[in-house]
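Undergrad: sequence? don't have it. structure:
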Ligand SMILES: Nc1ncnc2c1ncn2[C@@H]1O[C@H](COP(=O)(O)OP(=O)(O)OP(=O)(O)O)[C@@H](O)[C@H]1O
Ligand SMILES: O=C(O)c1cc(-c2cccc(F)c2)nc2ccccc12
Ligand SMILES: [Mg+2]
């Protein structure tokens, strides 16, 4: 852990800039650390709300995990501090904001753009799994975009929280694989499933098992009711990859290192990621 992470941060160390967005437990602000002039995103979480939602232990554990993850496609957590009422997380600033806004704007991505994103996320997940960190809860809302257009997995483990939120706050089930929807224990292959769902949504603009009612989404997931719409036109190589990821038996899903060798990725992903 570098010297920067060890030091005691306070709010006085930062000039606070414009709000970047509102989250479940507070606001995120653009900020500049005064001594280094380093631009960061300062995520402010209210202790009262964290207590109310009983997530303070998860927050501590995930901050612990996140501060040790170093990968170009995972948003850095540089440090944290807290005062009487709030907890502050010092995060890498993702200059181009949320990926899902970009997806909404252009409806769906080209095969080259989708493959480039999927390859960079696969590399980040291989890195996470190598450190026994799983289920980073990859869905468009949790993906931010850096200044050079590179993807950043930005949820730093809210996955446990989000998972509970999904169960209790009935957020979207769309990204859950069968074993999570049927809430049996799960392993790193849950991320392969979610990446397959994400790849489908990048190419078609909607997640594969979307339905009006939760119960219908649930059924479509556990039955792996995977259908490819006639529009937009998508290559059979892309459909082949998605079909190898969205497999009910988690041990049969395409391993992430095999994904990086898949023809669709090899032919479409920009190596720089
Ligand atoms: N590091 C960052 N760089 C740029 N913008 C950010 C960053 N972190 C958060 N934001 C913006 O602030 C918004 C809220 O942040 P975030 O989603 O992390 O809060 P949250 O919703 O409480 O977290 P979660 O979605 O995991 O519950 C994001 O949607 C995004 O627009
Ligand atoms: O008053 C505290 O000691 C406190 C500390 C932390 C905390 C400590 C380290 C890392 C982290 F992410 C959060 N979270 C809280 C959440 C709710 C209420 C109080 C606290
Ligand atoms: Mg959010």
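TA: Ah, there it is. The structure presented is a predicted model; accordingly, all values stated were derived computationally and were not measured. Residues are numbered from 1 along each chain as shown. Ligands and ions are numbered 1, 2, ... in the order given.
Undergrad: wait, is residue 40 part of a helix?
TA: No: with DSSP: H, G, I helix; E, B strand; the rest coil as the criterion, residue 40 is strand rather than part of a helix.
Undergrad: what's the spacing between it and residue 143?
TA: The gap separating residue 40 from residue 143 is 19 Å, by Cβ to Cβ, to the nearest Å. (C-beta placed from N, C-alpha, C; glycine too.)
Undergrad: Which residues belonging to stretch 133-150 are considered buried?
TA: 133-146, 150 (16 or more other Cβ atoms under 10 Å).
Undergrad: State the mean pLDDT of it.
TA: The average pLDDT for stretch 133-150 rounds to 86.
Undergrad: near ligand 1 at all, that stretch?
TA: Yes: using Cβ under 6 Å from any ligand atom, a contact is recorded between stretch 133-150 and ligand 1, made by residue 144.
Undergrad: Between the two ends of that stretch, what distance do you get?
TA: With Cα to Cα, to the nearest Å as the measure, the ends of stretch 133-150 fall 21 Å from one another.
Undergrad: How about stretch 129-144?
TA: By Cα to Cα, one end of stretch 129-144 lies 20 Å from the other end.
Undergrad: Regarding residue 272, which helix or strand does it belong to?
TA: Element membership of residue 272, judged by DSSP states H and E, is empty: it is in no helix or strand.
Undergrad: Kindly provide the distance from it to residue 235.
TA: Distance from residue 272 to residue 235, by Cβ to Cβ: 22 Å.
Undergrad: repeat for residue 268
TA: Taking Cβ to Cβ as the measure, residue 268 falls 8 Å from residue 235.
Undergrad: do the same with residue 220
TA: 24 Å.
Undergrad: and what of residue 16?
TA: Counting by Cβ to Cβ, the gap from residue 16 to residue 235 is 47 Å.
Undergrad: more neighbours, these two?
TA: Ranked by neighbour count (other Cβ atoms under 10 Å), residue 16 and residue 235 place residue 235 first, with 15 against 12.
Undergrad: residues contacting that one?
TA: When contacts are counted by Cβ atoms under 8 Å, 6 or more residues apart in numbering, residue 235 touches 111, 264.
Undergrad: how does it look with 10 Å?
TA: 111, 115, 203, 241, 263-264, 267-268 (Cβ atoms under 10 Å, 6 or more residues apart in numbering).
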